[in-house]
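Peer 1: Pasting a predicted model and its sequence here:
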Amino acid sequence: MAAETAAGPLVRRYEGAAQGRGVAAFGWRVCLAHRFEEPWQPYGAGDLSLREVLRHVGLGLRYFRWWLKKTRIEKKPAFIDLLCAVPLQQIYGCPLGGIGGGTITRGWRGEFCRWQLNPGIYHYETVIADQFTVCLRCKGQTVYQQVLSVERPSTLQGWNWGYCGHYAFYHALYPRAWMVYELPGQNVVLTCRQISPVIPHDYKDSSLPVGVFIWEVENGRDEDVDVSIMFSLQNGTGTKEDRSGGHWNEPFTFEKEGERVAGVLLHHRTHVNPFTFAISAREKAGVVVTHLTAFNPAGSGREVWQDLLQDGQLDSSDGKSNPTEKGEVTAAAVCASCRVPAQGHRTLELALAWDMPGIHFGSKEKLHFRRYTRFFGSGGDAAPALSHHALTHYEEWERKIEAWQKPILENSQLPAWYKSALFNELYFLTDGGTIWMELPPDCCTEDLQGPAGSGLSNLLPVLQEYGRFAYLEGQEYRMYNTYDVHFYASFALIMLWPKLQISLQYDIAVAVVNEDVQPRQYLMGGQTAPVKTKNVVPHDIGDPADEPWQRVNAYLIHDTANWKDLNLKFVLQVYRDYYLTNDSLYLRDMWPVCQAVMESELKFDMDNDGLIENGGFADQTYDAWVVNGASAYCGGLWLAAVCMMCKMAEVLGDAEIQQKYMDILRKGKETFERLLWNGKYYNYDSSGSNTSSSIMSDQCAGQWFLGACDLDHGEFEVFPKSHVVSALKTVFEKNVMGFAGGTMGAVNGMRPSGVPDTSSVQSNEGLVEEGFRTAEGCYRTVWEQLGMAFQTPEAYREKKVYRSLAYMRPLSIWSMQLALERRATRAPAPAQPSQVPIHP
C-alpha cells in the first residue's frame with residue numbers, strides 16, 4: 001500500500017504550473033475546470049421492482065397521507081421527504097465553522113452554496129454576491145481585476161466574471177482547504193487557505209462559528225505589485241428572508257492586546273433565530289483594511305467595481321446603512337491590501353464569523369443557547385470578538401491540526417485515498433445539521449432526567465461541563481442522533497471528542513428510562529403504538545423541526561420498541577467508551593441502564609436458547625430488509641452485548657449478573673453456530689426462506705465491536721476465529737469483488753450464486769488488504785466518479801441511483817483507524833482498575 005500523490009483524475013484539466021504555497025500533500029484535489037459527467041439520480045418509486053411496489057402499497061398510501069398533512073396542512077417539513085429528494089449538485093467542498101454553531105459550505109469552485117444556520121435545516125443556494133475578488137496594481141495603475149469565480153451570473157454584471165478554471169485547483173483536507181489561482185499573464189499566484197477550528201479534544205475553540213481565509217500572494221514579477229483581496233457578502237443566505245426588510249450593516253473595528261481587526265457587520269433581523277455576519281481582515285504593518293458598508297447585490301455592482309478599480313481600496317464610509325425595505329437586499333465588502341515586493345511573498349488574513357447565539361427549534365417552545373456563548377456571550381454582539389479571536393488564533397489551530405494529522409499523513413503504509421477519506425469524511429461532525437448547546441444556568445438534575453428519574457449521578461456535571469450534542473442521521477433524514485446509525489459513526493466522536501460521545505450517551509440513557517405513551521400510527525404496518533416505550537433505546541432524540549430531547553422518536557416508519565439492534569448497540573457503545581476512556585463514573589452510571597435494556601431484549605429469546613430471534617419484519621437498522629428467526633446481524637450483536645455484560649459485571653464486581661450472562665453466552669454461542677454457520681459464512685437468518693442463505697456484508701458487526709475492545713480472543717472469544725476469517729473472505733469475494741468488479745465497495749446482501757440479493761431495497765446497496773480494497777471502492781466511486789464530495793450518501797446502486805445524500809454512517813471509517821492503531825502498536829488495553837464499585 002505505497003503512498004500515491006494527491007493529484008489524480010480530477011486535475012487533468014489543470015493547465016497551470018503553480019502548485020500553491022503550503023498546500024497539503026494529501027487530500028482531495030480537483031481542477032476548477034473539471035466536470036463530473038455522470039448524472040446520478042436519487043432513488044425513487046420508479047426504481048422499485050413490481051414485487052417491492054406490491055409489498056409496500058400500504059406504506060406508500062399511509063406515507064402520502066401523512067406527508068400531505070405534515071407539509072400542506074401543518075406547513076412543516078417532513079423528517080424524511082421521499083417525494084422531494086434533494087437533487088444532486090456536484091459542487092461541494094469543505095464546510096466552514098466549528099462544531100454546533102451552524103455551517104456554511106463553500107463549493108470547490110469557491111462559491112458559498114450550502115447553508116445550515118438554523119439547526120438541522122438546510123438551504124441549498126449559491127449566493128452569487130459572496131465572492132473574493134483580486135485587484136493588482138503596478139506603478140499606481142490597476143493592471144488586473146478579477147472575480148475569482150468561473151461563474152457568469154445575470155446579476156452584478158458590472159464585475160469581471162468568468163475566471164478561467166483551467167488555471168486553478170481546489171484541495172481539501174478537512175478541516176482545511178486550499179484554492180490555488182494562477183493569474184493568467186500576471187506572473188502572480190494566489191493561494192487561499194481556508195481554516196475552520198475543528199480540533200480534537202478541544203471543547204472551546206472547536207465550537208466557534210468562524211472560518212478564516214489566509215491569502216498567500218506570490219509575486220513572480222521583477223517589480224513590486226500592490227495586491228488587494230476584496231471579500232463581498234450578501235446579508236442573508238439566499239432565501240426569501242433576505243428581502244423581508246429590516247436588515248442593516250455597519251462597519252466595526254475590534255482591538256485587543258495590540259491586535260486590531262476591521263470589517264463590516266451584517267445584521268440579519270429575522271423574527272426567529274436572528275443572526276449577524278461579520279466579514280473582517282487583520283490590520284498589521286504593511287496591510288491596509290478598507291470596507292464598503294452597503295451595496296445592492298441585485299444590481300450591476302458597477303459602483304463597487306469602480307471603487308476598487310480606482311485605487312485598490314474601498315471608500316470606507318462611516319456609519320450604519322439604512323435598514324432594508326421589504327423587497328430589498330443588501331451586501332457589504334471588506335478589502336485587505338498590501339505591497340508585494342518583486343519575487344516576494346506576502347500574506348493577507350480575512351475571516352467570516354456568524355453569531356446566532358440563541359436558537360429555537362421548529363416548535364419555537366424553548367430558547368436554547370449554543371456552546372460558544374459560554375465563552376463569547378449570548379447577547380448577539382459577539383461577531384467582532386469572534387472575528388478577532390479567529391484572526392489571532394488560527395495559527396495555533398493549525399499547529400494543533402497538523403500535529404493531529406501528521407502521524408497519519410506521514411505513514412507511508414497508508415494509501416493516499418485513505419488519508420483523504422479519513423479526514424474529509426469528518427465534515428459531517430460539523431455539517432450534519434449539528435447542534436452543540438449549553439444547559440440553562442439554573443438547570444438541575446430533575447430538569448434533565450424526566451418524570452422517571454434516572455439515577456445517573458454524573459448526568460448534570462457532564463452536561464453542565466460539556467453541553468448537549470446532536471447531529472442528524474443525514475441532511476435528508478432529519479432526525480437527531482439516530483442511534484442505530486450512530487453506532488457506526490460513534491468511533492469518530494469517541495476517538496476525537498470523547499466527552500461529546502459521553503454526553504450523547506447520557507442523553508440516550510435518560511430517554512431509555514422514560515416513556516411517551518401517546519399513541520400514533522406507524523407507517524410501515526399501520527398499527528398504533530406508543531411513541532416511546534420505557535426501558536428501550538430510542539431510535540432518535542427528535543426532529544429539529546420540532547423540539548428535540550423533549551420529544552424523541554421522530555421516526556415513525558416502524559415502532560422501534562420492537563427493533564432488535566438498538567438496545568444492543570447501547571450496551572456495546574457503553575463498554576467500548578469505557579474501554580477507550582477508562583471513565584469509571586460513566587460505566588457505573590450506565591450499568592443499571594444496560595441491565596434494563598438487556599432485560600427488555602431478553603423477551604426476544606422466545607425459546608430460551610440463549611439467542612434472540614427476529615420477528616419476521618424489518619426490525620433492525622436495515623429497515624426495509626425483512627429478517628426472521630435467528631440472524632447473523634442481530635444474533636451477532638446480541639452475543640457481543642452479552643459478552644460485554646459479562647465483562648462489565650466483572651469490572652464492577654457484580655458476580656450475580658456476571659454469572660447470569662455467562663450462562664446465556666454459553667448457550668447462545670452454541671445456538672448461533674448451530675443455526676447459522678454453513679461452513680463458509682453465517683446465513684442471513686435461520687428462517688429457511690429463499691433469502692436465508694444470503695451473504696450479509698454486515699454479518700460480523702458484533703465481532704467488530706468486540707475486536708475494538710480487545711474482547712476477540714482468549715476467554716472472551718465469542719465467534720471462532722476461523723469462522724470469522726472465512727466469513728469475511730466470503731464477503732470480500734462475493735459482496736465486494738462480485739459487485740461491479742470490486743470497484744464500488746460492498747453490496748449489503750449477495751446470494752451464494754454471486755447475484756445481488758434484491759429481496760429488499762437495502763440488500764442491494766452499496767482482513768487488512770481486503771478492508772482497504774473495499775473502502776477504496778466506496779471512496780473512488782463517491783469522491784472521484786460521482787462528484788459527491790462532502791455529501792457521501794447512505795447508499796448507491798450500480799444502476800446510477802443513490803439514497804440520502806450527506807449521511808452519518810461514513811464516519812465509521814474512524815473505526816478502521818482505531819483498528820490500524822491497535823494493530824500497529826499491539827498495545828494492551830488502557831490501564832483499568834481491577835474493580836469499580838457499583839456504588840460511590
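Peer 2: Received, thanks.
Peer 1: Just confirm residue 495 contacts residue 816, I think it does.
Peer 2: No: taking contacts as CB atoms under 8 Å, residue 495 lies outside contact range of residue 816: 11.1 Å. (Glycine included, C-beta is placed from N, CA and C.)
Peer 1: pLDDT score assigned to residue 830?
Peer 2: Looking at residue 830, its pLDDT reads 49.
Peer 1: starting at the chain centroid, how far to stretch 336-346?
Peer 2: Centroid separation for stretch 336-346 versus its chain: 38 Å, with CA atoms, centre = their mean, to the nearest Å.
Peer 1: If you could redo that for stretch 73-83, that was the one I meant.
Peer 2: Chain-centre distance of stretch 73-83: 22 Å, with CA atoms, centre = their mean.
Peer 1: What's the end-to-end length of it?
Peer 2: By CA to CA, to the nearest Å, the extent of stretch 73-83 from end to end equals 16 Å.
Peer 1: Stretch 448-461 too?
Peer 2: 11 Å.
Peer 1: ok, which stretches of the stretch 351-500 of the chain are strands?
Peer 2: Along the stretch 351-500 of the chain, counting by DSSP state E, counting those that start in this stretch, strands occupy 358-359, 368-369, 435-437, 468-470.
Peer 1: Can you tell me how far residue 379 is from residue 204?
Peer 2: In this view, residue 379 and residue 204 are 19 Å apart by CB to CB, to the nearest Å.
Peer 1: no, scratch that, I was asking about residue 652
Peer 2: 33 Å.
Peer 1: okay, those two: which has more neighbours?
Peer 2: Ranked by neighbour count (other CB atoms under 10 Å), residue 652 and residue 204 place residue 652 first, with 19 against 14.
Peer 1: Quick check: the more buried one touching residue 591?
Peer 2: Yes: assessed by CB under 8 Å, residue 652 is found in contact with residue 591 at 5.9 Å.
Peer 1: follow-up on the earlier one: pick the most buried one from the strands of the stretch 351-500 of the chain.
Peer 2: Ranked by mean neighbour count under mean count of other CB atoms under 10 Å, these are led by strand 468-470, which reaches a mean of 26.
Peer 1: which residues are in contact with that one?
Peer 2: With contacts defined as CB atoms under 8 Å, 6 or more residues apart in numbering, strand 468-470 is touched by 99-100, 434-439, 480-481, 500, 503-504, 507, 541, 548-549.
Peer 1: For that strand, give the mean pLDDT please.
Peer 2: For strand 468-470, the mean pLDDT works out to 98.
Peer 1: Check which residues of stretch 574-583 are buried.
Peer 2: 574, 575, 576, 577, 578, 579, 580, 581, 583 (16 or more other CB atoms under 10 Å).
Peer 1: Can you lay out the residues you listed as a markdown table showing secondary structure and distance to residue 638?
Peer 2: Shown next, in a markdown table, are the buried residues of stretch 574-583 (DSSP: H, G, I helix; E, B strand; the rest coil; distance: CB to CB, whole Å):
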| residue | secondary structure | distance to residue 638 |
| --- | --- | --- |
| 574 | helix | 15 |
| 575 | helix | 14 |
| 576 | helix | 16 |
| 577 | helix | 19 |
| 578 | helix | 20 |
| 579 | helix | 19 |
| 580 | helix | 22 |
| 581 | helix | 25 |
| 583 | coil | 25 |
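Peer 1: Just send these back as JSON lines, with distance to residue 234 and pLDDT too.
Peer 2: Below are the buried residues of stretch 574-583 laid out as JSON lines (distance: CB to CB, whole Å; pLDDT from 0 to 100):
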{"residue": "574", "distance to residue 234": "47", "pLDDT": "98"}
{"residue": "575", "distance to residue 234": "49", "pLDDT": "98"}
{"residue": "576", "distance to residue 234": "45", "pLDDT": "98"}
{"residue": "577", "distance to residue 234": "43", "pLDDT": "98"}
{"residue": "578", "distance to residue 234": "48", "pLDDT": "98"}
{"residue": "579", "distance to residue 234": "49", "pLDDT": "97"}
{"residue": "580", "distance to residue 234": "44", "pLDDT": "97"}
{"residue": "581", "distance to residue 234": "44", "pLDDT": "98"}
{"residue": "583", "distance to residue 234": "46", "pLDDT": "98"}
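Peer 1: out of these, who's nearest residue 28?
Peer 2: residue 580 (28.5 Å; CB to CB).
Peer 1: how about the strands of the stretch 351-500 of the chain, which one is nearest residue 14?
Peer 2: Here strand 435-437 is closest among the strands of the stretch 351-500 of the chain (CB to CB), at 38.0 Å.
Peer 1: residues making contact with the closest one?
Peer 2: Strand 435-437 has contacts (CB under 8 Å, 6+ apart) with 99-101, 119-120, 207, 359, 368-371, 467-471, 480, 500, 544, 548.
Peer 1: taking the residues you listed one by one, which sit in helices?
Peer 2: Under the assignment DSSP state H, these contribute residue 500 to helices.
Peer 1: Among the contacts of strand 435-437, name the buried ones.
Peer 2: Buried members of those, counted by 16+ other CB under 10 Å: 99-101, 119-120, 207, 359, 368-371, 467-471, 480, 500, 544, 548.
Peer 1: Name the nearest of the buried residues of stretch 574-583 relative to residue 422.
Peer 2: Closest approach to residue 422 among the buried residues of stretch 574-583 (CB to CB): residue 580, at 17.6 Å.
Peer 1: separation between the closest one and residue 711?
Peer 2: Using CB to CB, we find residue 580 at a distance of 13 Å from residue 711.
Peer 1: thinking again about what came up before, which member of the buried residues of stretch 574-583 is positioned nearest residue 515?
Peer 2: residue 574 (20.8 Å).
Peer 1: where does this structure dip in pLDDT?
Peer 2: Where the chain drops to pLDDT under 70, the residues are 1-7, 45, 754-766, 826-840.
Peer 1: how many other residues sit next to residue 108?
Peer 2: 27.
Peer 1: For it, what are phi and psi?
Peer 2: Dihedral pair for residue 108: phi -70, psi -10, per degrees, to the nearest 10.
Peer 1: Let's verify residue 264: helix, strand, or coil?
Peer 2: At residue 264, secondary structure determined by DSSP: H, G, I helix; E, B strand; the rest coil is strand.
Peer 1: Pretty sure it sits against residue 334.
Peer 2: Yes: assessed by CB under 8 Å, residue 264 is found in contact with residue 334 at 5.8 Å.
Peer 1: Now list whatever residues contact both of the two.
Peer 2: Between them, residue 264 and residue 334 share the contacting residues 279, 280, 291, 292, judged by CB under 8 Å, 6+ apart.
Peer 1: Give me the three-state assignment for the third one.
Peer 2: The one in question is residue 291. Classification of residue 291 by three-state DSSP places it in strand.
Peer 1: That one and residue 352: what is the separation?
Peer 2: Distance, residue 291 to residue 352, by CB to CB: 14 Å.
Peer 1: more neighbours, the two?
Peer 2: For residue 291 and residue 352, the more surrounded residue by other CB under 10 Å is residue 352, and the numbers stand at 28 against 25.
Peer 1: Now the longest helix along the chain: buried residues?
Peer 2: If you go by DSSP H, the chain has its longest helix at helix 383-409. By 16+ other CB under 10 Å, the buried positions in helix 383-409 come out as 383-392, 394, 397-398, 400-401, 404-405, 408-409.
Peer 1: and the spatially most central residue of the chain, how far is that from residue 821?
Peer 2: Nearest to the mean C-alpha position of the chain, by CA atoms, centre = their mean, lies residue 428 at 1.1 Å. Between residue 428 and residue 821 the distance is 21 Å, computed by CB to CB.
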